[in-house]
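**Student:** what follows is a predicted protein model with its sequence.
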Amino acid sequence: MKKQITLIRDIEEIEKQLINTQTGILCIHLTNEKLYQFACNFVYLDKNIYTYLDSTDENYANIKYGAGGSFSVFLNEKVNAKSSEFTYKLSCVTINGEIKDIDDTKLRDQISELYRQKYSSNIEAEKYIVSENLKPVILDSKEIKALIEEGI
C-alpha cells in the first residue's frame with residue numbers, strides 16, 4: 001500500500017467542490033455529551049454551511065447550539081491506471097465550526113431560495129415550500145481543510 005496526501009490551499013478550488021457537491025456528513029455535539037452524525041444536503045454560502053434539521057428527529061431536542069461541529073464532503077475520482085502510478089484518488093473537504101440557529105428571516109428566505117435553486121430548480125419559487133418541521137441551521141466556519149489522497 002502506498003499513499004500520497006496533498007493539502008489544497010486554493011480557496012476557489014475548495015469552494016468549487018463544495019458548490020458542486022450534493023451531500024455531506026454533518027457531525028454536531030448534543031447536550032447529552034453524544035455526537036449526532038448524519039448525511040444531509042446543504043448549501044454553501046460565505047464560507048459557511050447551511051442545512052436543515054428535522055425537529056421531529058429524536059436527537060433534535062438535544063442539539064447543543066453554540067457547540068462545535070464538523071461537516072465533510074468526499075469525492076472519489078476515477079484514475080486512469082495507464083497514465084498514473086495511483087489506483088485511486090479521494091478528495092475531502094472538512095469544515096469545522098460552531099452550530100447556530102438561524103433567526104434572521106431574510107437569511108432564512110435566502111437559504112430557502114438557494115436550496116430551491118440547487119435541489120428543486122424545476123419548482124417555481126412561489127410554489128416552493130419548506131416543511132414546518134425543517135429548521136435551518138448554520139455551521140459557522142472557523143476552519144476549512146481540504147486534501148487529496150492518492151494511493152495504491
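**Tutor:** Good, I have the coordinates.
**Student:** which other helices and strands contact the lengthiest strand in the chain?
**Tutor:** For the chain, the longest strand by residue count, based on DSSP state E, is strand 134-151. The contact analysis (3 or more Cβ pairs under 8 Å, 6 or more residues apart in numbering; DSSP states H and E) places strand 134-151 against strand 3-7, helix 11-20, strand 48-54, strand 68-77, strand 88-101, helix 105-119. Using the backbone N, CA and C atoms, a C-beta is placed for each residue, glycine as well.
**Student:** winner for burial among the ones you listed?
**Tutor:** Most buried of these, by mean neighbour count (mean count of other Cβ atoms under 10 Å): strand 48-54, with a mean of 20.
**Student:** tell me the angle of that one relative to strand 68-77?
**Tutor:** Counting by axes from the mean of the first three to the mean of the last three Cα atoms, to 10 degrees, strand 48-54 lies at 100 degrees to strand 68-77.
**Student:** strands paired with strand 48-54, and their directions?
**Tutor:** If you go by DSSP bridges, strand 48-54 pairs up with strand 43-45 (antiparallel), strand 134-151 (antiparallel).
**Student:** wait, which of those strands is closest to Asn122?
**Tutor:** Asn122 lies closest to strand 43-45 among the strands paired with strand 48-54, at 17.2 Å (Cβ to Cβ).
**Student:** how about the closest one: buried residues?
**Tutor:** 43-44 (16 or more other Cβ atoms under 10 Å).
**Student:** hang on, the earlier thing: chain center to the longest strand of the chain, what's the gap?
**Tutor:** Put simply, strand 134-151 sits 6 Å off its chain's centre (Cα atoms, centre = their mean, to the nearest Å).
**Student:** can you give me the buried ones in that strand?
**Tutor:** Applying 16+ other Cβ under 10 Å to strand 134-151 flags 135-141, 144, 146, 148, 150 as buried.
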